[in-house]
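In: got a predicted structure plus its sequence, pasted below:
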Amino acid sequence: MIATCPHCQKKLKLSAKIEENLRLLSPEKSLRISCPQCGGAILLDTKMLAAETPEEPAAAPPPQPARRQVTPPPPPDHSGLDATSSTDDEAIIEDVPQILILMPESPDSHLIAEAMETFGYQPSIVLSAEEAIEKMQFVSYASVILHSQFEGSDFENGPFHQFMGAMHMNKRRYIFYILTGPQFHTLYDLQALAYSANLVVNDKDLPQLPLILRKTIPQYEAMFGAIMQEMNARDRESRGH
């Protein structure tokens with residue numbers, strides 16, 4: 001199954017694992033993947049499967065005069081092709097982007113997890129800042145959500161928020177950091193900037209989180225997608241040298 005990245009226009013050869021995940025999605029949900037070429041986010045849904053049409057069979061050779069018996073050549077050998085083959089313009093995507101949720105166990109935490117699943121994220125809920133920091137040493141999360149009461153009343157001085165603030169930008173710039181809590185004003189960019197976050201959401205607006213994300217994630221990618229693509233290209237060049 002082939003898709004095209006809307007950011008860098010590269011062909012993406014989706015693996016059997018991704019195609020199977022698409023088949024398991026309900027019609028109203030989508031699967032979010034990251035382009036390995038430019039890092040841009042791509043949303044896939046079940047409509048892509050419906051749009052797939054079988055390849056038309058090769059046209060039969062034209063009829064030959066009876067006096068000449070021409071044997072057509074055999075079909076090309078495709079035995080060398082498999083699910084792992086690719087070209088310079090194709091990439092196989094195996095990993096579903098993951099999101100880390102730091103929030104006390106509550107109906108709201110499950111509401112957030114369900115909302116992020118509709119965007120193709122694989123949510124992971126942790127119960128302590130230590131567990132979250134340990135996970136982030138080994139997993140590249142596309143997004144992180146921190147509730148202001150997860151580490152007590154003073155989240156600004158909590159170990160996890162301090163950890164995010166001290167993170168090197170080579171890693172931090174790829175993480176969509178969301179803060180939620182009763183003191184935040186939803187979609188207030190200046191407040192998000194003051195806390196070094198990408199988005200702030202008030203608790204009372206959590207039921208509207210899918211709508212909020214549909215508004216903010218495309219804006220974030222439109223603003224920083226080209227910059228991150230250029231940084232990716234420079235990183236690849238520096239590793240090549």
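Out: Yep, that arrived.
In: which residues does residue 33 bridge with?
Out: According to DSSP bridges, the partner residues bridging residue 33 are residue 42.
In: that one: neighbour count?
Out: 23 (other C-beta atoms under 10 Å). Backbone N, C-alpha and C define where each C-beta goes, glycine included.
In: wait, it sits on residue 44?
Out: Yes - proximity of residue 33 to residue 44 meets the contact threshold set by C-beta atoms under 8 Å, at 6.5 Å.
In: correct me if wrong: residue 34 contacts residue 43.
Out: No - counting by C-beta under 8 Å, residue 34 sits too far from residue 43 to count as a contact (11.1 Å).
In: so what are the domain limits for this structure?
Out: Under the assignment named as automatic domain parsing, the residue ranges that make up the domains of the chain are 2-53, 97-216.
In: quick one: contacts for the nearest residue to residue 191 once chain neighbours are set aside?
Out: For residue 191, the nearest residue in space outside its immediate sequence neighbours is residue 200; the separation is 5.2 Å by C-beta to C-beta, 6 or more residues apart in numbering. Contacts for residue 200 (C-beta atoms under 8 Å, 6 or more residues apart in numbering) come out as 178, 179, 180, 184, 185, 186, 187, 188, 191, 192.
In: neighbouring contacts of whichever strand or helix holds residue 178?
Out: With elements delineated by DSSP states H and E, residue 178 resides in strand 176-181, which encompasses its position. Judged by C-beta under 8 Å, 6+ apart, the contacts made with strand 176-181 from elsewhere in the structure are 103, 112, 142-149, 155, 164, 192, 195-203, 206, 217, 220.
In: same thing but at 6 Å, please
Out: For strand 176-181, the external contacting residues (C-beta atoms under 6 Å, 6 or more residues apart in numbering) are 143, 144, 145, 146, 147, 148, 195, 197, 198, 199, 200, 201.
In: mind checking the pLDDT average for the helix or strand just after that strand?
Out: Secondary structure here is assigned by DSSP H and E; on that basis, the next helix or strand after strand 176-181 toward the C-terminus is helix 189-194. Model confidence over helix 189-194, given as mean pLDDT, is 93.
In: what's the first helix or strand after helix 189-194?
Out: Beyond helix 189-194 in the direction of the C-terminus, DSSP H and E gives the next helix or strand as strand 199-202.
In: what's the first helix or strand after the lowest-mean-pLDDT helix or strand in the chain?
Out: Averaged element by element with mean pLDDT, DSSP states H and E, the chain has its least confident helix or strand at strand 92-93 (a mean of 40). Using DSSP H and E, the helix or strand that directly follows strand 92-93 along the chain is strand 98-102.
In: following the chain onward from that next one, which element is next?
Out: Moving toward the C-terminus from strand 98-102, the first helix or strand encountered (DSSP H and E) is helix 107-117.
In: give me the buried stretch members for stretch 5-14, please.
Out: The neighbour-count criterion (16 or more other C-beta atoms under 10 Å) identifies 5, 7, 8, 10, 12, 13, 14 as the buried residues of stretch 5-14.
In: may I have that stretch exported as CSV, CA atoms only?
Out: Taking Å, rounded to 0.1, in the frame of the first residue of the first chain, the C-alpha atoms of stretch 5-14 are listed here in CSV:
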residue,chain,number,x,y,z
CYS,A,5,3.7,12.6,2.4
PRO,A,6,1.8,15.9,2.0
HIS,A,7,4.9,17.7,3.4
CYS,A,8,7.9,16.4,1.4
GLN,A,9,5.9,14.6,-1.4
LYS,A,10,7.9,11.4,-0.9
LYS,A,11,6.3,8.1,-1.6
LEU,A,12,5.7,6.1,1.6
LYS,A,13,5.4,2.3,1.3
LEU,A,14,3.2,1.3,4.2
